[in-house]
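Asker: Here's a sequence, model it:
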Amino acid sequence: MTAHSVRNRDSNLAHLVARADRGLPPWMTPRNIFLALLLVSLLIDLAFGFLFRFRTLPTQLEADELEYYDMATGLMTGTLEITARRTLAFPLLIAGIRSISANFLFLQAVVTALYSLSAPLLFQVVRKVTGSIAAGALAGFALAFWPPVVFYGVSLYSEALALPVFLLALWALPPGSRTGRPRRARDWIAALAAGVLLAAATQVRPMYLIMTPFLAVIIFLEERDLRVAAKRLMLAAAGFTLATLPWSAYMTARFHHPILITSNGGETMAGGLTPKLLEPWMQRRLLTNGRATWIGPGKWVPAYQTGYLSSADLKLPYDQQDALLKERTMAWVKANPGAAFQIEACKLLYMWGLYPWLKNGMTQFVLGTLPTIALLGLSLFGFVSVPAARTALARFWVLPVFVTSVAVISWGSWRFRQPGDAGLIAFCVVCLLARYLARRPFVSDGAR
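Answerer: Reported below is the predicted structural model:
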């Protein structure tokens, strides 16, 4: 069987990839692989954390991390003033861990341990879509060793909890008929659960709200039967709505205008789309924890640095500031489409490691930029050479499109890219495995 047969005889990608499981030793069960991945991922993440990444004092945290930590302190002392800027799921987790122990290293280690579930969960997602233990294991181990994911996951950023919760949502979502996986009687419950879990991920990190239309894309690409796809979408939407409604109702009542998750769209947009980023001030600077970074097009600045708010505006309530930021950002974009396009292009190039190559130093270039470019190249090769993957593996290749849309709205942070990296890794592993198996002689069980 030749590689060309991937396009002809073996249109069922799952059937082809499942051949990788032939001859696996008896001990390679889904349970054992899951536990092995969890152990490996946990060891890698904790080792990196204790050797390089964990901080000794909360004052060494970066801005967003410190904000989550301070919110947790407010929850514990009863002094937190709820605003429309953040959700409470991640600060609640931090507060819960701190209620067990006040040790700062313990807090970071527990959050990292939860994040370490990402690799075994990706294994489960790939296995569910392809039916292959081998494919899932390869994807899981690749994610466990993927440098950008390890670096940004070992932190007190909300991504550390959001990624495993989101992967749970992908795992719950029933595979469509184009994946080759059988339809099950309880798929309606699974679709409902997928919506609930996506809502949970959104409560941890509101950027996952942008994933909701992409969930519809995944469902309709994977499923041939439009009625089945529509039913699953309605069930997922119902689960998402039911899980989101209590928070939305509370926030709407508290701030007297409709709020679905948060009300920081203007701040998010303005920080990454301001003419201030085009000024010649891009330069390396050193953060308190010693990490080098830079400011310029593709990055993000706080509201007071955007140039959209006067000193009087900065004294207004947050909701009013956010509305002004959105209005003035859109006015600037309409008046300066060329400059706005330049900034948006920089966001996308920065997110995917194509710019600025050496601004953050040689370590990030070698361990982050080069692997990312290689992964993008492999995914493009898989997308072109394995046509069946365009539908059967939709839930994987759609993820980098999702995080790219996040960059367009916000900025090109590599932190936001984590689900995109997980999706690309899974997509590349399955496509390359399919290409490899298509070139190998196949002996059926009957012929043996």
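Asker: Poorly predicted segments of the stretch 251-400 of the chain, please.
Answerer: Applying pLDDT under 70 to the stretch 251-400 of the chain picks out residues 281-292.
Asker: Now do the same contact list for residue 261.
Answerer: Listed by CB atoms under 8 Å, 6 or more residues apart in numbering, the contact partners of residue 261 are 87, 202-203, 206, 209, 244, 247-248. (Each C-beta comes from the backbone N, C-alpha and C, glycine too.)
Asker: Which one (most neighbours) among the residues you listed?
Answerer: Tallying neighbours with other CB atoms under 10 Å puts residue 202 at the head of these, with 28 neighbours.
Asker: Enumerate every residue touching it.
Answerer: By CB under 8 Å, 6+ apart, residue 202 lies in contact with 87, 208-209, 211, 240, 244, 261.
Asker: Of the contacts of residue 261, which belong to helices?
Answerer: 202-203, 244, 247-248 (DSSP state H).
Asker: from the residues you listed, which single one is nearest residue 438?
Answerer: Distance ranking of those against residue 438, using CB to CB, places residue 202 first at 38.9 Å.
Asker: Can you tell me how far the closest one is from residue 247?
Answerer: From residue 202 across to residue 247, the span is 9 Å (CB to CB, to the nearest Å).
Asker: what sits in contact with each of these two?
Answerer: 87, 261.
Asker: which residues sit in contact with the nearest residue to residue 99 once chain neighbours are set aside?
Answerer: In this structure, residue 99 finds its nearest non-sequential neighbour in residue 76, 6.8 Å apart by CB to CB, 6 or more residues apart in numbering. Residue 76 makes contacts with 95, 98-99, as judged by CB under 8 Å, 6+ apart.
Asker: Which one of these is nearest to residue 385?
Answerer: residue 95 (49.0 Å).
Asker: pLDDT of the helix or strand where residue 69 lies, averaged?
Answerer: Residue 69 is part of helix 63-77, with elements assigned from DSSP states H and E. Average pLDDT, helix 63-77: 96.
Asker: List the buried residues for the helix or strand just after that helix?
Answerer: Counting by DSSP H and E, the next helix or strand C-terminal to helix 63-77 is helix 89-100. Neighbour counts over helix 89-100 (16 or more other CB atoms under 10 Å) mark 89-91, 93-95, 97-98 as buried.
Asker: How about stretch 399-417?
Answerer: Buried residues in stretch 399-417, defined by neighbour count with 16+ other CB under 10 Å: 399-400, 402-404, 406-408, 410-417.
Asker: Likewise for stretch 335-355?
Answerer: 339-340, 343-344, 346-347, 349-353, 355.
Asker: angle of the one helix or strand residue 189 maps to against helix 89-100?
Answerer: Using DSSP H and E, the element containing residue 189 is helix 187-204. Per axes from the mean of the first three to the mean of the last three CA atoms, to 10 degrees, the angle that helix 187-204 makes with helix 89-100 is 80 degrees.
Asker: Show the average pLDDT along helix 187-204.
Answerer: The average pLDDT for helix 187-204 rounds to 97.
Asker: so how far is it off the chain centroid?
Answerer: 15 Å (CA atoms, centre = their mean, to the nearest Å).
Asker: Residue 230 versus residue 173, what's the distance?
Answerer: Distance, residue 173 to residue 230, using CB to CB: 15 Å.
Asker: neighbour count winner among these two?
Answerer: Taking other CB under 10 Å, residue 173 and residue 230 do not tie; residue 173 has more neighbours (26 against 14).
Asker: Contacts only, for the residue nearest to that one when sequence neighbours are not counted.
Answerer: Closest residue to residue 173 apart from its sequence neighbours, by CB to CB, 6+ apart: residue 194 at 4.0 Å. Counting by CB under 8 Å, 6+ apart, residue 194 touches 169-170, 172-174, 215, 236, 239.
Asker: Let me know the distance separating residue 194 from residue 210.
Answerer: Distance of residue 194 to residue 210, given as CB to CB: 16 Å.
Asker: what do you get for residue 405?
Answerer: 6 Å.
Asker: Likewise for residue 370?
Answerer: 28 Å.
Asker: Equivalent analysis for residue 333, please.
Answerer: For residue 333 relative to residue 210 (CB to CB), the value is 19 Å.
Asker: With residue 190 instead?
Answerer: Plainly put, residue 190 is 23 Å away from residue 210 if you go by CB to CB.
Asker: Look up which helix or strand residue 293 falls in, please.
Answerer: Going by DSSP H and E, residue 293 is in strand 292-294.
Asker: and the next helix or strand after that strand, what does it pack onto?
Answerer: Note on strand 292-294: by DSSP H and E, the next helix or strand toward the C-terminus is helix 318-335. Secondary-structure packing of helix 318-335 (3 or more CB pairs under 8 Å, 6 or more residues apart in numbering; DSSP states H and E): helix 265-272.
Asker: Perfect, that will be all.
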